[in-house]
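>>> next input, structure requested:
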Amino acid sequence: MAPYFRSSEFWQCFVFWIWSLFELTIVCLHMISVSRTGLFLGCLLLITGVLFLTKAFASILRWRVNNQDTSKSPVVRIFLYSTGTLAVALQTVWFVIRTQ
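Now for the predicted structure:
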């Protein structure tokens, strides 16, 4: 497993995971500061988002441990596409909220 931690696939997944968590945190902190309902929704979104993103990242690692001999990993592609889309969508939301 140690060689996998030095691979570009691992670091790409790690960066996308952190990027999504960062964008989620920014949007949730803004929601929390807006109103009492925003406080509830922001906390709920932040907690569930962090849990599900972390679970997805752990699933990538678990899949790679079980399938070390394969070179193509569809699970990794799905994770990268999903977290990348989420991060860009959250950046768009933050941009729209900030400009109002």
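>>> which helices and strands does whichever helix or strand I60 is part of pack with?
Using DSSP states H and E, I60 sits in helix 36-66. Judged by 3 or more C-beta pairs under 8 Å, 6 or more residues apart in numbering; DSSP states H and E, helix 36-66 is in contact with helix 8-34, helix 74-99. All C-beta atoms are positioned from the backbone trio N, CA, C, and that covers glycine.
>>> now the longest one, how far from the centre of its chain.
Read that as helix 8-34. Centre-to-centre, helix 8-34 and its host chain are 5 Å apart (C-alpha atoms, centre = their mean, to the nearest Å).
>>> buried stuff in it?
Buried residues in helix 8-34, defined by neighbour count with 16 or more other C-beta atoms under 10 Å: 10, 13, 16-17, 19-21, 23-24, 26-28, 31-32.
>>> what angle sits between it and helix 74-99?
Here helix 8-34 runs at an angle of 30 degrees relative to helix 74-99 (axes from the mean of the first three to the mean of the last three C-alpha atoms, to 10 degrees).
>>> list the helices and strands helix 8-34 packs on?
helix 36-66, helix 74-99.
>>> in CSV: those, plus mean neighbour count.
Shown next, in CSV, are these (neighbours: other C-beta atoms under 10 Å):
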stretch, mean neighbour count
helix 36-66, 14
helix 74-99, 14
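>>> my read: L41 touches H30, true?
No - using C-beta atoms under 8 Å, L41 makes no contact with H30, being 11.3 Å away.
>>> mean pLDDT and distance to F5 added to the helices and strands packed on helix 8-34, as JSON lines?
Shown next, in JSON lines, are the helices and strands packed on helix 8-34 (pLDDT from 0 to 100; distance: least, C-beta to C-beta, whole Å):
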{"stretch": "helix 36-66", "mean pLDDT": "93", "distance to F5": "9"}
{"stretch": "helix 74-99", "mean pLDDT": "91", "distance to F5": "14"}
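>>> save those as a markdown table, and put in distance to A2 too.
Output for these, formatted as a markdown table (distance: least, C-beta to C-beta, whole Å):
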| stretch | distance to A2 |
| --- | --- |
| helix 36-66 | 12 |
| helix 74-99 | 18 |
